[in-house]
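> quick one: sequence plus predicted model below, questions after.
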Amino acid sequence: MLDAPETAWQHDAFRDDVIAGLSRPRKTLPSRWLYDDRGCRLFEEITRLDEYYPTRTETTILRDQAAAMAGFAGPAPVLVEYGAGAAVKTAILLEALRPSLYIPVDIAGDFLAQSAARITRRFPELKVRPVIADFTADFDLPAGLPAGVPRCGFFPGSTIGNLDAEETSAFLCRMRAHVGTGGTALVGVDLRKDLDTLLAAYDDRAGVTAAFNLNLLTRINRELGADFPPGGFSHEARWNARESAIEMHLVCRRDCLVALEGRRFAFRAGESIHTESSRKYDLDSLAALAAPCGWAVEHGWTDRDRLFAVAGLRAC
């Protein structure tokens, strides 16, 4: 049952995106729909895998550079985290920044509520105001935010790499509007590196990433009444050199016809649904994307192997 306006809106947006994506000659689905409650749990499991270097590398950078990041963000800022998920790494920043207010933003409402409750238990004096929203679309921050207090956006996990050029520009402009002139942002960026390391990170031996990707079809069946056949698709990670991106695909194993909302979608054996891209950057390419949105990249904190970076952006 749809028990809240936000839930009803998400259901309609999910349905519209799925129908539009499956109607294209090259089928694709927005990666944000991978993150229902089970998808969020599976992704947290992915972050603990040996092959998946981004989370532990970014966590190390945050721990090593937390004091410098706190100095960059300013005293007691309002911290806005986009795509908060389990907010595991956030605690490191909260310890260092000591924000006056924490605003976690995520599309998965139940998971967001659990994360916000966990943060409140750990930091009982911290004000937490979660926002259920899709950060790839326009949304407002809560009303009544303190005036004259610096604001810092936090976008960890190299999630910026999941956005295409248009979406990246829109997001950076949106975050710039949220923090205002003089505000700051800390953005996780997965750096360019050897292909073997990249492919292993998105197709682990234990099959957790495959389960995460395939869960999207289970979600479509459950929430939209589709009939994707169990076992009819397999997970595949591909490198797109032109986009400098790892792509995740769901590949059809045999010809099939899928019913959804009174429509039928034909799949040929070997045809795929493109579910996610993870673009890899260097700091110069990030700066080029950020500048038209009113950002200057002032810092680039990296690990010793230069696998990953946390970029410090200032709104100018």
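Yes, it's here.

> can we go C-alpha only for contacts and neighbour counts from here?
Fine.

> quick one, helices of the stretch 151-300 of the chain?
In the stretch 151-300 of the chain, the helices defined using DSSP state H, counting those that start in this stretch lie at 165-179, 195-201, 208-224, 283-290.

> okay if I get those helices as TSV plus distance to residue 60, mean neighbour count and mean pLDDT?
Below are the helices of the stretch 151-300 of the chain laid out as TSV (distance: least, C-alpha to C-alpha, whole Å; neighbours: other C-alpha atoms under 10 Å; pLDDT from 0 to 100):
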stretch	distance to residue 60	mean neighbour count	mean pLDDT
helix 165-179	25	18	96
helix 195-201	18	15	96
helix 208-224	23	19	98
helix 283-290	19	16	96
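
> out of those, which comes closest to residue 252?
Residue 252 lies closest, by C-alpha to C-alpha, to one member of those: helix 208-224, at 11.3 Å.

> packing partners of the closest one?
Contacts defined by 3 or more C-alpha pairs under 8 Å, 6 or more residues apart in numbering; DSSP states H and E place helix 208-224 against helix 37-46, strand 233-240, strand 245-252.

> tell me the angle that helix makes with helix 37-46.
With axes from the mean of the first three to the mean of the last three C-alpha atoms, to 10 degrees defining the directions, helix 208-224 sits at 170 degrees from helix 37-46.

> identify the residues contacting helix 208-224?
For helix 208-224, contacts defined as C-alpha atoms under 8 Å, 6 or more residues apart in numbering pick out 11, 15, 33-34, 36, 38-39, 42-43, 45-46, 202-204, 226-228, 233-236, 248-250, 260-261, 275.

> are any of those buried, and if so which?
Among the contacts of helix 208-224, the ones that count as buried by 16 or more other C-alpha atoms under 10 Å are 15, 33-34, 36, 38-39, 42-43, 46, 202-204, 226, 228, 233-236, 248-250, 260, 275.

> next, residue 280: phi, psi?
Backbone dihedrals for residue 280, given as degrees, to the nearest 10, come out at phi -110, psi 140.

> ok, it touching residue 242?
No. Look at residue 280 against residue 242 with C-alpha atoms under 8 Å: they stay out of range, at 11.3 Å.

> who has more neighbours out of these two?
The neighbour count for residue 280 versus residue 242, taken as other C-alpha atoms under 10 Å, is higher for residue 280 (22 against 6).

> how far away is that one from residue 198?
Separation of residue 280 from residue 198 (C-alpha to C-alpha, to the nearest Å): 10 Å.

> re earlier: tabulate the helices of the stretch 151-300 of the chain (TSV), appending distance to residue 303.
Listed next are the helices of the stretch 151-300 of the chain as TSV, based on distance: least, C-alpha to C-alpha, whole Å:
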stretch	distance to residue 303
helix 165-179	24
helix 195-201	16
helix 208-224	24
helix 283-290	14
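
> out of these, flag the one nearest residue 19.
Closest to residue 19 of the helices of the stretch 151-300 of the chain, according to C-alpha to C-alpha: helix 208-224, at 10.2 Å.

> the stretch 1-150 of the chain: strands as residue ranges?
Counting by DSSP state E, counting those that start in this stretch, one finds strands in the stretch 1-150 of the chain at the ranges 78-82, 101-106, 131-132.

> which one of these is the most hemmed in?
For those, the largest average neighbour count (mean count of other C-alpha atoms under 10 Å) is found in strand 78-82, namely a mean of 25.

> quick check: angle from it to strand 101-106?
Following the same axes, to 10 degrees, one obtains 10 degrees for the angle between strand 78-82 and strand 101-106.

> strand 78-82 - contacts with which helices or strands?
Here strand 78-82 touches strand 101-106, strand 151-155, going by 3+ C-alpha pairs under 8 Å, 6+ apart.

> how about JSON lines for those strands, with mean pLDDT and distance to residue 187 added?
Below are the helices and strands packed on strand 78-82 laid out as JSON lines (pLDDT from 0 to 100; distance: least, C-alpha to C-alpha, whole Å):
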{"stretch": "strand 101-106", "mean pLDDT": "95", "distance to residue 187": "15"}
{"stretch": "strand 151-155", "mean pLDDT": "98", "distance to residue 187": "5"}
